[in-house]
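K.L.:
have a look at this prediction, sequence included:
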Amino acid sequence: MARIRIWIQTKPDDTGRSRYQVMCSEHGPVGDPHELHASAESAQSTHHHDHKAALPHRTE
Ligand SMILES: [Zn+2]
């Protein structure tokens, strides 16, 4: 079963803001980095549901 998590990217050379990249153990980076954690959580949830739709016989 794939693991989907939010990877926090820090940018010390920039404004100091972090970005949140959704990472999937099967697909790697999911979409583009998000500036808001809540936005990344939304994308994480969406990808999680995509997995459930693609793998209907597997449960977590
Ligand atoms: Zn995936």
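P.N.:
Cool, got the structure. Residues are numbered from 1 along each chain as shown.

K.L.:
spell out which parts of this protein neighbour the ion.
P.N.:
Proximity of the chain to the ion is confined to 2, 24, 26-27 under the rule Cβ under 5 Å from the ion. C-beta: built from backbone N, CA, C; applies to glycine.

K.L.:
which stretches of this structure have low pLDDT?
P.N.:
12-14, 55-60 (pLDDT under 70).

K.L.:
just the strands in it please.
P.N.:
Secondary structure of the chain (DSSP state E): strands at 4-10, 18-24, 28-34.

K.L.:
count the residues that sit near Val30.
P.N.:
Residues near Val30, counting by other Cβ atoms under 10 Å, number 19.

K.L.:
show me what contacts the closest residue to it other than its chain neighbours?
P.N.:
The shortest distance from Val30 to any non-neighbouring residue, by Cβ to Cβ, 6 or more residues apart in numbering, is to Val22 (4.1 Å). Listed by Cβ atoms under 8 Å, 6 or more residues apart in numbering, the contact set of Val22 reads 4-7, 29-31, 34, 40, 43-44, 47.

K.L.:
hmm, 7 Å instead?
P.N.:
4, 6, 30-31, 40, 43-44, 47 (Cβ atoms under 7 Å, 6 or more residues apart in numbering).

K.L.:
buried subset of those?
P.N.:
4, 30, 40, 43-44, 47 (16 or more other Cβ atoms under 10 Å).

K.L.:
export these to a markdown table and tack on distance to Arg17?
P.N.:
Shown next, in a markdown table, are the buried ones among the contacts of Val22 (distance: Cβ to Cβ, whole Å):
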| residue | distance to Arg17 |
| --- | --- |
| Ile4 | 23 |
| Val30 | 20 |
| Ala40 | 13 |
| Ala43 | 18 |
| Gln44 | 19 |
| His47 | 23 |
